[in-house]
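Engineer: please find the sequence and the predicted model below.
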Amino acid sequence: MPLLSLQFIRFIKLGLLTLTVPMAVLSGQSRAQVSPHQIAQAQLLEDSRLMVELSGFRNLDGEVCVSLFDSSEGFPNEEGDAVVAKQCIDAVSMMPPADVSVTDVVVPITFSDLVAGRSYAVSVWHDENGDGELNEGTFGIPTEGFGFSRNPEIGTSAPEFYESALLVLGEMTTSIEMIYF
């Protein structure tokens, strides 16, 4: 049957990750009759979008920079061919209303026109002093905030790409909680 239109419906909600996929509306079929195969086909026709919600800031000094990677090359903090997009926001622009604590601020960042079915990983750092670097203290421990998609456990080094990678299909939202040592 011919595809008449696409609508987006919320499909899966797992922990901090929400997946929204297009639902094919086919002539003569109810939504219940649409197969998973038809949903997947309709979804791949659409460009994908990843919405990142950042939270857990300790202050609003400097700027916040978010990088989107499509491979492990350079992940999580080196510039290179793997960086699909980078956005930096002046932290003062995130100032909450007087009755909201800085730690409760949620900053939305959107990456659009992504390739459906590709894995992406996000790294973020809070450049509190505005020097353009993630500053480190003793033993290379960051003195400024940072975070990664999927909020992987942080040990003695940054996570690998696969630990932070998200398979992006349709419209997705993920949350990143900032880490400060």
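Structural biologist: Arrived safely. Because the structure is predicted, anything quoted here is derived from the model rather than measured.
Engineer: could you find the closest non-adjacent residue to the most centrally placed residue in the chain?
Structural biologist: Centroid-nearest residue in the chain, with CA atoms, centre = their mean: Val52, separated by 3.7 Å. Nearest non-adjacent residue to Val52, counting by CB to CB, 6 or more residues apart in numbering: Ile109, 4.5 Å away. Any C-beta I mention is one placed from the backbone N, CA and C, and that applies to glycine too.
Engineer: what helices or strands is the helix or strand hosting that neighbour leaning on?
Structural biologist: Following DSSP states H and E, one finds Ile109 within strand 106-114. Under the contact definition 3 or more CB pairs under 8 Å, 6 or more residues apart in numbering; DSSP states H and E, strand 106-114 sits against strand 48-55, strand 63-69, strand 83-90.
Engineer: looking at these, which is buried most?
Structural biologist: Among those, strand 63-69 has the highest mean neighbour count (mean count of other CB atoms under 10 Å), at a mean of 22.
Engineer: per-residue pLDDT, the closest residue to Glu177 other than its chain neighbours?
Structural biologist: Spatially, and ignoring its direct neighbours in sequence, Glu177 is nearest to Gly56 (4.5 Å; CB to CB, 6+ apart). Per-residue pLDDT puts Gly56 at 96.
Engineer: one step back: so what touches the strand holding Ile109?
Structural biologist: Contacts to strand 106-114, defined as CB atoms under 8 Å, 6 or more residues apart in numbering, come from residues 47-55, 57, 64, 66, 68, 84-85, 87, 89, 94, 120, 168.
Engineer: what's the neighbour count on Ser164?
Structural biologist: The local packing of Ser164 (other CB atoms under 10 Å) involves 25 other residues.
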